[in-house]
Each structure stands twice: as C-alpha cells, then as structure tokens.
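S.K.: Let me see the structure of the following:
(4 chains)
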2 protein chains.
Amino acid sequence: MARPRSFDEDQVLHELRDRFWDAGYSATTLQDLMRISGLGKGSLYAAYGDKHTLFLRTLRGYVAEGNEGLRRTLEDEPRAIDALRKMLLSPVNPGAERGCFLANSTCELATQHADVRTEARAAYETMTRLITACVARAQREGDLPAQEDAEEIARSLLAAQQGLVFMGRTGMDVETLRSVAHSLADRLL
Amino acid sequence: MARPRSFDEDQVLHELRDRFWDAGYSATTLQDLMRISGLGKGSLYAAYGDKHTLFLRTLRGYVAEGNEGLRRTLEDEPRAIDALRKMLLSPVNPGAERGCFLANSTCELATQHADVRTEARAAYETMTRLITACVARAQREGDLPAQEDAEEIARSLLAAQQGLVFMGRTGMDVETLRSVAHSLADRLL
DNA sequence: ACATTTCTGGACCATCCGGTCAACAACCAT
DNA sequence: ATGGTTGTTGACCGGATGGTCCAGAAATGT
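M.R.: Down below sits the predicted model:
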C-alpha cells in the first residue's frame, strides 16, 4: 500500500515520556521532543497529535504499565503480606529522585487539566482495588486482623507509599528513606 | 527622599504565590504576574528581580509561614499526642485539591532546579525536627511508647501526611480523605 | 517499472516569552 | 517651589513557542 513508519512508535513514546517525567509538561518544548525522538515536527504531529495529546498518551502508557506491574507484584508473591510489604518499600531505590511520573504530572497539572486529574483518580482507584484484594488475601492467610476493613487498610498503605515516593522526590538520601519505609511497614502491616 | 512604593510588597507576593501555586512555575507567564499584581514589568523586576527569583521568594515565604504555623500547632496543644493527630489530619479540608505549594513545586521542579530541591529538603528537615520534639513530648506524657525512636516516628508521620496531601491533590473526595487520615492516625499514633 | 499512498523534514506563521530600557510621574527634604 | 531621587509605565528586543503546511522522499502492490 504505502510507506511504513520508519520508527518504532512505542519506543519513541517511552523516550519522550522520560523527558516529560524529568522536565515536566510545561518545561518540555517541541524542540526537545524533536531532538530526543530524532523526528521532525510533521512526523510527531502525524503520529501522535499535538503536544497535549502526545503527553496524555505517554501518561496513559505509564499508568497501564504501572498497573500491570503492581498486579504482578501483588499476585506473584506467595504470601500476600510479603507482597504488601514489597509494594510499600518499592519507592526505595536509587532512582527515587525522579519520583513517579503520574504523581509529578498530577502535582503540576491537576488544577488546570481536568483530564490529568481524571487519569490520576482512575489510576489510584485501580491501585486501591488491587491492593484491597491483596489485603483481603493477607487477612485470609491470617497475617492481618480479619475484622478490619480491607479497603481502609489498602488506602492507608497507598497513601503511605505515595508519601514515600514524595520524600524520595525531595532528594532524601536512600538510607533515610529506607529507614522510614521500614518504619511505616512495621506500623501499618 | 523619594517616591515610595505604591503597592504592598508582601500582599502582591501573596497574590503571585497563589498563581504559582495553582498554575505551576512554567505555566505562569509574566503577563499573568502583571495582570494579577496590576503592576508593569519594570516594577516587578525592580521590586523582586527576575521570574525565578520572584518565584523563590514566594516559595520561601510559604515555607516560613508553614513552619511557623506548624510550630504553633505543635506547641499550643496541651497534649502532644493531640497535636500530632491534628498535624496528620491537617491535609483534610475543602481546599485539598490545591495540594501544598511546596510539594507541587518540588514535583514540578526538583529535577531541574537545585535551589528548589534544596529549599524542599531544608523545609522537611525543619518539619522533622519540630515533629520529633513533639513526639518526644508525647513520649514523656506517656501517650507514645518511650522506647521507640522519636525521629523515626516523626518521619513516618511526616511521610504519611505528605501522602494525604497528595491524595487530596488527586481530587479524592473529602469524606474518603478524612477516613484515610483517621485510619492512618489510628495506626501510627 | 510505475503509480499510489503515506511518511518526512523543514520552511513558515502568528504569537508569546522573559527581559531591558528610557522617558515620564510622583514623592520628599529642603 | 524646586531639585533630587526613586517608582512606574509601556514600548521594544531577540529569540523561542506551539502549530500548520507543502514539496519531495520512500516504500509498497500491481
């Protein structure tokens, strides 16, 4: 039929996402996107639409991957309590200063872009559901008190985890961060 | 000697801060700042320096006020445990979607502007010290186990509080937010 | 080989950006 | 009243912005 794309759409999307992640939405210019992808303006617009649409695609891709990763983390672990602990400790890693792409974007754009707010809320509701299921499993396995509300515990865990993500974003050193994470895990689980 | 300022420097600073708060740094233009303050470009530059310097002044003012407010909250309450509870619950209010100016700014700018990162880290260290002192008081008053590390508890509380601030920023409805906050308070205090 | 269709790159556009500057206005001390 | 000093304003600047568009390149099916 016709000439095919000369680049891998998903790979470019990942590279551009990294830029949005590190620089934020407003501070990322079309020139940045061109330089990083190696594509011309026309190609970018033809493939992804305008800057905001492109951004939303990278964000949605990130959320989808994150949800899938969380689901795997929570289901693969033999003991649910260990999975929850792993989830809570996940913000502790050498790349913590980058924070979370979704969280950064939410903080930057939530007031002005309703679609980002919607995306964020949906993502955290999904995560809450996944974590709630895992909490319920931990209760069945006898590792968490069965009389407590599973969703309430899940939401507390998620909030605590987001707090850790944020402390990482401030540049808190990994050792302190790890200590706080363990402390929270001990108190909440 | 000469002509005095025709505007209140601090009041203008507060108005401009609100704009940075809601729109973020990059998305706030000089035109916005002019429109909101009612001042010309020259006046803004003469009074506050360039955009970034002006932004840092609003941020530092916010941090200073926040620290002072926290200090008062923690010291005024007769029982330290009540003060800590109040602190943890403070992100629950109708204006929660705005989030925290410092947190929003950190998420947006931490990667690129070292001075914002520095400001954030300093602010959270100060808050940690204030909270640690209050935790120690709660231990002396017999409301928290005395053998635990006060700073560790303080950091956990601060992280949890920041997590709540963030959940508010996502637009989580106030009732759910309050429920999570109480749940965290019950588990951590 | 060719025609068709799509992709590609860059020229082009109007607008807006942050920042400078000089002319003018307002105020105070004398 | 006047002079000196500072504040204020808006015009102006070079460059960057996001976005459009078109001429030509490239790859496919025939």
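S.K.: List, one by one, the residues from chain A near DNA strand C.
M.R.: Within chain A, the residues that sit near DNA strand C (C-beta under 7 Å from any atom of the strand) are A:1-7, A:38-43, A:46-47. Where C-beta positions appear, they are placed from N, C-alpha and C, glycine not excepted.
S.K.: Kindly recompute the last result at 6 Å.
M.R.: Counting by C-beta under 6 Å from any atom of the strand, chain A comes close to DNA strand C at A:1, A:2, A:3, A:5, A:6, A:7, A:39, A:40, A:41, A:42, A:43, A:46.
S.K.: Pull the number of nearby residues for the fifth one.
M.R.: Applying the criterion other C-beta atoms under 10 Å in any protein chain shown, we find 8 residues in the vicinity of residue A:6.
S.K.: cool, and the last one?
M.R.: Each residue near residue A:46 was counted by other C-beta under 10 Å, and the total is 11.
S.K.: circling back: who wins for neighbours among the residues of chain A next to DNA strand C?
M.R.: residue A:39 (19 neighbours).
S.K.: Against residue B:76, how distant is the residue nearest to that residue when sequence neighbours are not counted?
M.R.: Spatially, and ignoring its direct neighbours in sequence, residue A:39 is nearest to residue A:7 (6.6 Å; C-beta to C-beta, 6 or more residues apart in numbering or on different chains). Distance, residue A:7 to residue B:76, using C-beta to C-beta, to the nearest Å: 61 Å.
S.K.: With residue A:74 instead?
M.R.: From residue A:74 to residue B:76 the distance is 43 Å (C-beta to C-beta).
S.K.: okay, those two: which has more neighbours?
M.R.: residue A:74 (20 against 9).
S.K.: Next one: that one from DNA strand D, what distance?
M.R.: 38 Å (C-beta to the nearest atom of the strand, to the nearest Å).
S.K.: I'd say that residue and residue A:133 touch.
M.R.: Yes - taking contacts as C-beta atoms under 8 Å, residue A:74 lies within contact range of residue A:133: 7.4 Å.
S.K.: so what sits against both of these two?
M.R.: Among the neighbours of residue A:74, none is also in contact with residue A:133 (C-beta atoms under 8 Å, 6 or more residues apart in numbering or on different chains).
S.K.: Mind picking out the helix or strand in chain A with the poorest mean pLDDT?
M.R.: Least confident helix or strand of chain A, by mean pLDDT, DSSP states H and E, is helix A:41-48 with a mean of 92.
S.K.: Report all helices and strands that the following helix or strand past that helix contacts.
M.R.: Downstream of helix A:41-48, the first helix or strand assigned by DSSP states H and E is helix A:51-76. Helices and strands touching helix A:51-76, by 3 or more C-beta pairs under 8 Å, 6 or more residues apart in numbering or on different chains; DSSP states H and E, are helix A:9-23, helix A:30-37, helix A:41-48, helix A:80-89, helix A:101-109, helix A:114-140.
S.K.: closest one to residue B:59 among the ones you listed?
M.R.: Nearest to residue B:59 among the helices and strands packed on helix A:51-76 is helix A:101-109 (14.1 Å), distances taken as C-beta to C-beta.
S.K.: Determine if any part of that closest one is in contact with chain B.
M.R.: Yes - contact between helix A:101-109 and chain B is present through A:103, A:104, A:106, A:107, A:108, A:109 (criterion: C-beta under 8 Å from any C-beta of the partner chain).
S.K.: which one among those gets closest to DNA strand C?
M.R.: residue A:108 (15.1 Å; C-beta to the nearest atom of the strand).
S.K.: In space, what's closest to that closest one - neighbours in sequence excluded?
M.R.: Looking at residue A:108 with C-beta to C-beta, 6+ apart, the closest residue is residue B:108, at 4.5 Å.
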